[in-house]
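# following is a predicted model, sequence given first.
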Amino acid sequence: MRLLLDTAVLIFAVSAPDRLSRRATAALQDIDHVLELSSVSLAEIAIKTALGKLNVTAAVSRQALHELGVRVLPYSSEHAFQLFGLPRHHADPFDRQIIAQALWEQIPVITPDEKFGLYKGLKIIW
């Protein structure tokens, strides 16, 4: 099964694994799961690092993807078109893009963010 990691999950997995739930940890460790990270998440990490809100370098991000066996899911125009009908339950533009992508791809999201659960049809693992 494909699983989309929220940005926070990638960061927690490498810098604070104790912050992951048991369910999230089990999902990350299950060899039958294909772990994916949105290219939007990489942009979010880069932007928030540049603003001083995070301290995650490109090298650390690449290493995290490699160590966890995560592949990057490109953000397409179809994902962007999904935003047109997306309710405004979540104000964060990065999270809204990740939600739209997961809905279009019909894949669950591993996230601690409770607002993701407000979106009909989106399966959450936490």
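Done, it's in.
# the closest residue to Gly69 other than its chain neighbours: what's it in contact with?
Spatial nearest neighbour of Gly69, excluding adjacent residues (C-beta to C-beta, 6 or more residues apart in numbering): Leu35 at 6.1 Å. Backbone N, C-alpha and C define where each C-beta goes, glycine included. Contact analysis of Leu35 by C-beta atoms under 8 Å, 6 or more residues apart in numbering lists 3, 5, 28, 68-71.
# could you do Leu83 as well?
Counting by C-beta under 8 Å, 6+ apart, Leu83 touches 96-97, 100.
# now, those residues that are in helices?
96-97, 100 (DSSP state H).
# will you turn those into CSV that also has pLDDT, distance to Thr57 and neighbour count?
Formatted as CSV, the ones in helices among the contacts of Leu83 follow (pLDDT from 0 to 100; distance: C-beta to C-beta, whole Å; neighbours: other C-beta atoms under 10 Å):
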residue, pLDDT, distance to Thr57, neighbour count
Arg96, 98, 26, 20
Gln97, 98, 22, 22
Ala100, 98, 27, 24
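# picking up where we left off before, read off the pLDDT value for the residue nearest to Gly69.
Looking at Leu35, its pLDDT is 98.
# okay, now the sheet partners of the helix or strand harbouring it, with direction.
Element membership for Leu35, per DSSP states H and E: strand 34-38. Paired with strand 34-38 in the same sheet, following DSSP bridges, are strand 2-5 (parallel), strand 71-73 (parallel).
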